[in-house]
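> Below are the sequence and a predicted model for it; my questions follow.
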Amino acid sequence: MSLLETGAIACWALCGAGIAAYAASVAREITYVTLADGRRARRDLPLVIRLLLPLAPNLRRMASARQFAATRVAADRMIVSAGLDGLLTGTDFVALKFLSPLVCGSLWAALMFLFSGLLGDDSVIAENCVLFSLAGVLLFYAYPLMWLRGAVKRRHASIVRALPFVLDLLTLSVEAGMDFMSALQRNCDRRKLDPLNEELIRMTCEIQVGTPRRVALRNMADRVRQPDLRSVAHALVQADELGVSIGSILRIQADQLRGRRFDRAEKLANEAPVKMLGPLMLCIFPSVFLVLLGPIISQVVKDMSI
């Protein structure tokens with residue numbers, strides 16, 4: 001091995017060690033967002049997003065171009081729905097869509113070509129490595145959008161789980177004689193800090209600074225973009241406009257949401273046998289046949305060898 005090759009290997013080793021040390025330091029960091037009442041809530045970002053986010057300002061001019069305006073607007077809405085506003089913007093998200101295949105895809109392609117070089121100069125292996133490299137680049141291009149959609153979906157699922165219980169508590173408080181805002185503030189103070197509580201805290205802070213209640217409810221529905229919460233917000237807005245008792249509206253909405261949750265659970269229970277069929281056919285049945293027919297096949301093989 002020549003001195004030049006040794007130096008190149010040492011440089012690559014130092015580069016890999018530096019990247020690993022940087023990734024380890026970023027992985028230990030904890031990201032927070034500041035809520036409307038001044039409290040801080042933890043947000044868990046993927047390691048890839050954490051590594052690429054400091055590089056996003058370098059592509060901010062390109063990401064701010066006119067042709068990406070619709071993408072930025074859609075990303076801003078999803079970021080707010082996921083509760084990540086303050087950590088990144090739509091412009092940063094567009095920059096991440098370019099950085100992810102550029103950085104991670106390049107590293108993946110380099111690993112694929114290094115792997116093909118270790119295996120030899122076979123043309124079939126080289127073609128497969130090229131295909132795997134292109135597939136990795138496309139996957140890393142789609143990864144930011146997949147991650148953001150998953151974050152929105154998880155936040156919506158948490159809101160759907162907590163919403164019927166919150167409505168029940170608000171119904172009991174309002175029917176016991178408390179006004180709606182006092183019951184809402186009491187609920188926000190005593191419940192744990194989950195996604196629904198964060199949105200209710202933001203809504204109450206908007207009302208406290210002078211925003212009309214119906215406007216704050218509409219803002220929360222537009223911000224979260226979750227069908228069940230939007231239905232509750234619109235029902236409360238109509239009750240406020242028509243002068244209907246809020247307690248009865250809350251009870252009706254709680255009963256409807258509980259019925260919808262029961263329907264979703266029944267649907268998932270009906271889908272379970274179909275989803276279990278694939279693993280059953282691929283894993284359990286071959287194992288059973290192997291246990292039952294294994295001794296017979298072994299005896300047949302022994303008899304044939306004799």
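That came through fine. Residues are numbered from 1 along each chain as shown.

> only C-alpha atoms for contact and neighbour calcs from this point on.
Will do.

> Sketch out the low-pLDDT regions of the stretch 1-150 of the chain for me.
Scanning the stretch 1-150 of the chain for pLDDT under 70 picks out 1-2, 5, 8-9, 115-128.

> Going by residue numbers, what spans are helices in it?
For the stretch 1-150 of the chain, applying DSSP state H, counting those that start in this stretch gives helices covering 3-28, 47-52, 60-63, 69-81, 90-99, 105-119, 123-175.

> nearest to residue 225, of the ones you listed?
Across the helices of the stretch 1-150 of the chain, the minimum distance to residue 225, taken as Cα to Cα, is reached by helix 69-81, at 6.6 Å.

> related to what we said a few turns ago, for the helices of the stretch 1-150 of the chain, give me JSON lines that also has distance to residue 291.
Formatted as JSON lines, the helices of the stretch 1-150 of the chain follow (distance: least, Cα to Cα, whole Å):
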{"stretch": "helix 3-28", "distance to residue 291": "45"}
{"stretch": "helix 47-52", "distance to residue 291": "43"}
{"stretch": "helix 60-63", "distance to residue 291": "59"}
{"stretch": "helix 69-81", "distance to residue 291": "51"}
{"stretch": "helix 90-99", "distance to residue 291": "50"}
{"stretch": "helix 105-119", "distance to residue 291": "37"}
{"stretch": "helix 123-175", "distance to residue 291": "37"}
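
> Just put the ones you listed in a markdown table and tack on mean neighbour count and distance to residue 188.
Below are those laid out as a markdown table (neighbours: other Cα atoms under 10 Å; distance: least, Cα to Cα, whole Å):
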| stretch | mean neighbour count | distance to residue 188 |
| --- | --- | --- |
| helix 3-28 | 12 | 30 |
| helix 47-52 | 16 | 31 |
| helix 60-63 | 16 | 38 |
| helix 69-81 | 18 | 19 |
| helix 90-99 | 23 | 29 |
| helix 105-119 | 16 | 44 |
| helix 123-175 | 17 | 10 |
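
> So which of those helices is nearest residue 224?
For the helices of the stretch 1-150 of the chain, proximity to residue 224 was assessed by Cα to Cα; helix 69-81 is nearest, at 4.6 Å.

> Tell me which stretches of the stretch 201-306 of the chain form helices.
Under DSSP H, counting those that start in this stretch, the stretch 201-306 of the chain gives helices at 213-224, 227-242, 246-279, 285-305.

> Let me know the angle separating the third one from helix 227-242.
So the one you mean is helix 246-279. 170 degrees (axes from the mean of the first three to the mean of the last three Cα atoms, to 10 degrees).

> packing partners for helix 246-279?
The contact analysis (3 or more Cα pairs under 8 Å, 6 or more residues apart in numbering; DSSP states H and E) places helix 246-279 against helix 123-175, helix 227-242.

> Quick one: closest of the ones you listed to residue 66.
Across these (criterion: Cα to Cα), the nearest stretch is helix 123-175, sitting at 19.7 Å.

> picking that back up, which stretch among the helices and strands packed on helix 246-279 approaches residue 272 most closely?
Here helix 123-175 is closest among these (Cα to Cα), at 19.0 Å.

> Off-centre distance for that closest one?
Put simply, helix 123-175 sits 3 Å off its chain's centre (Cα atoms, centre = their mean, to the nearest Å).

> and the direction of that helix versus that of helix 69-81, what angle?
Using the same axes, to 10 degrees: helix 123-175 against helix 69-81 is 50 degrees.

> same for helix 123-175, what does it pack against?
Using 3+ Cα pairs under 8 Å, 6+ apart: helix 123-175 touches helix 69-81, helix 90-99, helix 105-119, helix 180-190, helix 195-208, helix 227-242, helix 246-279.
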